[in-house]
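Q: build me a model:
(one chain, ligands or ions: 3)
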Amino acid sequence: MASLGSWPALRLGERLNDYSAVVGVPSARQKIALTPLTGQPLAVPPLYPGDMVAGVRQFELYCEPSAHELFAGMVTNTWAVNHASSQLPMLGPMLALRRGESVSIRYHNNLPETTTMHGHGMAVPGPADGGPHQRIAPGDSWTASYTVDQPACTNWYHPHEEGRTAPHVYYGLAGMIRLDDDQTDALGLPQTHGFDDIPLVIQDRVFDDDGQFLYAPTSQEIRMGYFGDYILTNGQIEPVLNVPRGWVRFRLLNASNSEIWRFYFDDDRRFIVIAGDNGLLPKPVDARMLTLSPAERAEILVDCSRWYSEHFDLRATGIRGGLQQRVLSIRVENGAGLVRNPPVSWPEDDFQPAGSAPLRTFDLGGQGGLRINGRLMDMNYINEQVPLNQTEFWRVRSTNGMMHHNFHVHGGGFRILSRDGSSKNLQPHERGEKDVVYLPPGSEVLLQVRFLHPAGSQNPFMYHCHFLEHEDAGMMGQFTVT
Ligand code: C2O
Ligand code: CU
Ligand code: CU
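A: Residues are numbered from 1 along each chain as shown. Ligands and ions are numbered 1, 2, ... in the order given. As a prediction, this is how the structure comes out:
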């Protein structure tokens, strides 16, 4: 593994690789001289607990146009959720859900286009999924009502309008979901929102010379990736966070359209990975770097007490486009922490690998490279019918030796049993319950799935590549669970 110290120092907005070599065509984009407003205090999306009404936790979320100052003297037009109440010029508040509670989440569409709002990672029945069938016309609203019934984890919400997911997310629509339960509360992990428990939404963006988001992928970029010139962290460029002296938890979400980020600290310090997409890992894992493909999450614990350097940076390198940037400057200047020691006890993992189960195969690639099992997404075609509460093996194969993909499943999580035939090829954060799995070119994974919630043909679940350009181009299929 290359040592971090050997990577060249790049100026903000510069790339490690020659981007045009990555996508195979000369990029039409010119690098524009913008002056990013770096070094501002990190905007932590507020935790939104909703309102308890007759035993149901109710949320009102307004999807609206907003505006943001990212570059000196420029106003970037954005889309945001609850920007007035949350003071966030893009993204949205972090919803606080608790296992066992009934919730009702109402999304109001005050945008000029039809969209949808999907609860990514939520194990809920088809009608509450917020996928492409639960459309919300401008001026309308739509409500997801369900009982939260899954272990503590970090999920997120984002648009899922068929063919338009990528631009809708690009303009700024996405927010995090914090799901808590009694078991995880008892572990003594840092969990004071905004103090020692920090959500980080990582995205990359291209801007035009007026400082506006430029979403204009060429057909090559649709296939090979649409990579930004800047990394935004909670919608900011290189912000700063004061943390307490103690252990701090970061909830990382790669909400980028197609970049895969490798995260690490500039002083190469170790951290502990405690959770992946859908909850705690079977046991905490020590790491120095972590790679997340689009839509993947990981929770890490960082020791901010015994290290000499009290100023350090979380950094990221795009493993495809080569952008390398500071994600967050961290300063241990916020007093004494609440958590002085890493957790000592850890819950038993009750997952049992099945000895045998029915097998389904999903081949990613085919003609044009953006098909699944040879087909493009068709809203009127149900690709798979899956029995309720039945364990299955899903084998997902990348049939193209050049293209990166991942594979996301709605309706519930899965376990990755193996990659390229071996369980040893899994990253630390891949060993727990997940809902997205990264597939490097030509690779194959074996998943164990089981769906506990139904979805009929009017409200089916989706499986798809979560590279949003691929998804919008049709790399998606539908399944019922009955
Ligand atoms: Cu993150 Cu089908 O979605
Ligand atoms: Cu999803
Ligand atoms: Cu893909």
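Q: low-confidence ranges in this protein?
A: For the chain, the stretches with pLDDT under 70 are 1-11, 13-32, 306-308.
Q: ranges for the helices of it?
A: 19-23, 83-86, 165-170, 182-185, 219-224, 468-472 (DSSP state H).
Q: please identify the most buried of these.
A: Comparing those by mean neighbour count (mean count of other C-beta atoms under 10 Å), helix 468-472 comes out on top with a mean of 26. (Glycine included, C-beta is placed from N, CA and C.)
Q: is that helix positioned near ligand 3?
A: Yes. Using C-beta under 5 Å from the ion, we find that helix 468-472 touches ligand 3 at residue 470.
Q: what is that helix packed up against?
A: helix 165-170, helix 219-224 (3 or more C-beta pairs under 8 Å, 6 or more residues apart in numbering; DSSP states H and E).
Q: kindly export that helix (C-alpha atoms) in CSV.
A: Extracted in CSV, the C-alpha atoms of helix 468-472 (Å, rounded to 0.1, in the frame of the first residue of the first chain):
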residue,chain,number,x,y,z
LEU,A,468,-26.4,8.0,-10.1
GLU,A,469,-25.4,8.5,-13.7
HIS,A,470,-25.7,4.7,-14.2
GLU,A,471,-29.0,4.6,-12.3
ASP,A,472,-30.6,7.4,-14.4
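Q: give me the residues contacting it.
A: For helix 468-472, contacts defined as C-beta atoms under 8 Å, 6 or more residues apart in numbering pick out 163-166, 169-170, 217, 221-223, 225-226, 257-258, 294, 370, 405, 464-465.
Q: dump the helices of the chain into CSV; add distance to residue 301 as well.
A: Shown next, in CSV, are the helices of the chain (distance: least, C-beta to C-beta, whole Å):
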stretch, distance to residue 301
helix 19-23, 33
helix 83-86, 26
helix 165-170, 28
helix 182-185, 13
helix 219-224, 35
helix 468-472, 30
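Q: which residues of the protein lie near ligand 2?
A: 120, 410.
Q: need the residues of the chain near ligand 3, please.
A: So the chain meets ligand 3 at 405, 465, 467, 470 (C-beta under 5 Å from the ion).
Q: between these, which sits nearest ligand 1?
A: Proximity of those to ligand 1 was ranked by C-beta to the nearest ligand atom; the top entry is residue 465 with 9.7 Å.
Q: could you check how far the closest residue to residue 40 other than its chain neighbours is from residue 137?
A: Closest residue to residue 40 in three dimensions, ignoring its sequence neighbours and counting by C-beta to C-beta, 6 or more residues apart in numbering: residue 239, at 5.3 Å. For residue 239, the distance to residue 137 equals 35 Å [C-beta to C-beta, to the nearest Å].
Q: tell me the contacts of the residue in the stretch 51-200 of the chain positioned nearest to ligand 1?
A: Across the stretch 51-200 of the chain, the shortest distance to ligand 1 (C-beta to the nearest ligand atom) belongs to residue 120, at 3.5 Å. Counting by C-beta under 8 Å, 6+ apart, residue 120 makes contact with 155, 156, 157, 158, 295, 408, 435.
Q: could you dump these to JSON lines with neighbour count?
A: Below are the contacts of residue 120 laid out as JSON lines (neighbours: other C-beta atoms under 10 Å):
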{"residue": "155", "neighbour count": "22"}
{"residue": "156", "neighbour count": "26"}
{"residue": "157", "neighbour count": "25"}
{"residue": "158", "neighbour count": "23"}
{"residue": "295", "neighbour count": "26"}
{"residue": "408", "neighbour count": "23"}
{"residue": "435", "neighbour count": "25"}
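Q: and which of those residues is nearest ligand 2?
A: Nearest to ligand 2 among the contacts of residue 120: residue 408, at 5.5 Å, using C-beta to the ion.
Q: what is the neighbour count of the residue lying closest to residue 151 once chain neighbours are set aside?
A: Excluding its sequence neighbours, the residue lying closest to residue 151 (C-beta to C-beta, 6+ apart) is residue 279, at 4.1 Å. Counted with other C-beta atoms under 10 Å, residues neighbouring residue 279 total 24.
Q: burial check on the closest residue to residue 318 other than its chain neighbours, number of neighbours?
A: Distance criterion C-beta to C-beta, 6+ apart; nearest residue to residue 318, sequence neighbours excluded, is residue 259 at 4.4 Å. Neighbours of residue 259 under the rule other C-beta under 10 Å: 27.
Q: and for the one 5 residues further on?
A: Using other C-beta under 10 Å, the number of residues around residue 264 comes to 21.
Q: quickly list what it is bridged to.
A: residue 289, residue 315 (DSSP bridges).
Q: ok, it - contacts?
A: Taking C-beta under 8 Å, 6+ apart, one finds 4, 288, 289, 290, 314, 315, 316, 317 in contact with residue 264.
Q: and the strands in the stretch 301-450 of the chain, which stretches?
A: 311-318, 324-336, 359-365, 371-372, 384-386, 392-398, 405-409, 414-419, 436-439, 444-449 (DSSP state E, counting those that start in this stretch).
Q: so which other helices or strands are in contact with the second one?
A: Think strand 324-336. Against strand 324-336 (3+ C-beta pairs under 8 Å, 6+ apart) you get strand 197-205, strand 230-233, strand 240-245, strand 311-318.
Q: report the closest residue of the stretch 201-350 of the chain relative to ligand 1.
A: residue 295 (4.8 Å).
Q: what residues are up against the closest residue to residue 202 other than its chain neighbours?
A: Spatial nearest neighbour of residue 202, chain neighbours left out: residue 254 (5.4 Å); criterion: C-beta to C-beta, 6+ apart. Residues near residue 254 by C-beta under 8 Å, 6+ apart: 202, 260, 261, 292, 293, 294, 295, 296, 297.
Q: which residues does the last one bridge with?
A: Read it as residue 297. residue 253.
Q: isn't it right up against residue 156?
A: Yes. With contact defined as C-beta atoms under 8 Å, residue 297 reaches residue 156; the gap is 7.4 Å.
Q: who touches both of those two?
A: With C-beta under 8 Å, 6+ apart as the test, residue 297 and residue 156 both reach 121, 253.
Q: before we move on, back to that, out of the strands of the stretch 301-450 of the chain, flag the one nearest residue 194.
A: Minimum separation from residue 194 across these (C-beta to C-beta) falls at strand 324-336, 10.3 Å.
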